[in-house]
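>>> Fold the following for me, if possible:
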Amino acid sequence: MDKPRKSMEEVIRTDGRYPPEAYAFLHEGLRRAVREVYGEKTAIGQKHVSGQQICRAMRDLAIELWGMLARTVLAKWNVNATIDFGNMVYLLIEHDYFRKDEADSIEDFRDVYDFVEAFSVVEEFEIKE
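So this is what the prediction gives:
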């Protein structure tokens, strides 16, 4: 008899490396990556995006949401490098919540960019006289 599949929340909490909030952010980043590659009206589960595309979308979303605090927020969730995005994706693949192509690898997420450089956002302030 097949064992019932764990809920996504149970999988995330049992794994324990990253909090549920990090996975909610991952979902938004994945949605953004799909829209950037395939267009605004594309459903998230219908199209494939690469690890690099996911990482770039996650970076852009983090900067958009948190600006200079992006790296701090991600670090609070134990996300300190692009491989952490890969760890989250592959945990969900392992438990049949996400799918991958044969050519996909967790290595696609390794060192896509350096967090220190990527999140060193310099905001320009307009001086009004």
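>>> From the structure, what's the count of residues near C55?
Residues lying near C55 (other Cβ atoms under 10 Å) number 26. Every C-beta, even on glycine, is put in place using the N, C-alpha and C of the backbone.
>>> Check which helix or strand it maps to.
Using DSSP states H and E, C55 sits within helix 51-66.
>>> Which is the succeeding secondary structure element to that helix?
helix 70-76.
>>> which residues are in contact with that following helix?
Defining contact as Cβ atoms under 8 Å, 6 or more residues apart in numbering, one finds that helix 70-76 is touched by A22, R59, A62, I63, L65, W66, N80, D84, F115, V116, F119, V121.
>>> which of those are buried?
A22, R59, A62, I63, D84, F115, F119 (16 or more other Cβ atoms under 10 Å).
>>> Just put the residues you listed in a markdown table and tack on distance to D101 and pLDDT.
Output for the buried ones among the contacts of helix 70-76, formatted as a markdown table (distance: Cβ to Cβ, whole Å; pLDDT from 0 to 100):
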| residue | distance to D101 | pLDDT |
| --- | --- | --- |
| A22 | 24 | 97 |
| R59 | 22 | 96 |
| A62 | 26 | 96 |
| I63 | 28 | 94 |
| D84 | 21 | 98 |
| F115 | 26 | 94 |
| F119 | 29 | 89 |
